[in-house]
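Q: Based on what follows, work out the 3D shape:
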Amino acid sequence: DLTAFAACARLWRVSLQQSEVDRHALQRMEADVLSARSVAEAEVMSARHDAEIASKQREDALGEASDLRKRLEDQRNKGEEATKASLTEKASHEAHVAKLDAQLSTATAR
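A: Next up, the predicted model:
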């Protein structure tokens, strides 16, 4: 009877030790899962941050391109206005020269 009791006690001790080993293994697995989750969350946060930076850079580039298009259009308009003003000024000058020439011809003819 004592031998059977000792065997049962030994089995019970082994069972407790196995339970403890199983509990520690489960705790390690849970810690690994939490660690992997933390790493995945950090990677997601990093990817979101990178995407936000890329989006901001894209917006900035589009804004810059829009500003450059507007400046180019403004310069073209100024160039056209200057050309028109120059042609108008030239025509006015030629008309003045023609008028003076006509006056000279009239004065010479007298």
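
Q: Which residue ranges of this structure form helices?
A: Along the chain, the segments classed as helices by DSSP state H run 2-109.

Q: Could you list the low-pLDDT ranges of the chain?
A: Counting by pLDDT under 70, the chain shows no low-confidence range.

Q: how near is residue 49 to residue 58?
A: Here the criterion is Cβ to Cβ, to the nearest Å. By it, residue 49 lies 15 Å from residue 58. From N, CA and C alone the C-beta is placed, and that goes for glycine too.

Q: before we move on, what about residue 75?
A: 26 Å.

Q: dump the residue contacts of residue 105.
A: Neighbour list for residue 105: empty [criterion: Cβ atoms under 8 Å, 6 or more residues apart in numbering].

Q: From residue 73, how far off is it?
A: 47 Å.

Q: since we're on residue 79, how many residues are nearby?
A: The tally of other residues near residue 79 (other Cβ atoms under 10 Å) stands at 10.

Q: and what of residue 106?
A: Neighbours of residue 106 (other Cβ under 10 Å): 9.

Q: contacts for stretch 42-61?
A: By Cβ under 8 Å, 6+ apart, stretch 42-61 touches no other residue.

Q: Which of the residues in it are classified as buried?
A: Of all the residues in stretch 42-61, not one is buried under the rule 16 or more other Cβ atoms under 10 Å.

Q: Just the CA coordinates for that stretch, please, in PDB.
A: C-alpha atoms of stretch 42-61 as PDB (Å, rounded to 0.1, in the frame of the first residue of the first chain):
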ATOM      1  CA  ALA A  42       5.000  48.900 -35.400                       C
ATOM      2  CA  GLU A  43       5.500  47.900 -39.000                       C
ATOM      3  CA  VAL A  44       1.900  49.000 -39.800                       C
ATOM      4  CA  MET A  45       2.500  52.300 -38.100                       C
ATOM      5  CA  SER A  46       5.800  52.800 -39.900                       C
ATOM      6  CA  ALA A  47       4.100  52.000 -43.200                       C
ATOM      7  CA  ARG A  48       1.300  54.400 -42.500                       C
ATOM      8  CA  HIS A  49       3.900  57.100 -41.600                       C
ATOM      9  CA  ASP A  50       5.800  56.400 -44.800                       C
ATOM     10  CA  ALA A  51       2.500  56.600 -46.800                       C
ATOM     11  CA  GLU A  52       1.600  59.900 -45.200                       C
ATOM     12  CA  ILE A  53       5.000  61.300 -46.000                       C
ATOM     13  CA  ALA A  54       4.700  60.100 -49.600                       C
ATOM     14  CA  SER A  55       1.200  61.600 -49.900                       C
ATOM     15  CA  LYS A  56       2.500  64.900 -48.500                       C
ATOM     16  CA  GLN A  57       5.400  64.900 -51.000                       C
ATOM     17  CA  ARG A  58       3.000  64.100 -53.800                       C
ATOM     18  CA  GLU A  59       0.700  67.000 -52.800                       C
ATOM     19  CA  ASP A  60       3.700  69.300 -52.500                       C
ATOM     20  CA  ALA A  61       4.900  68.300 -56.000                       C
END
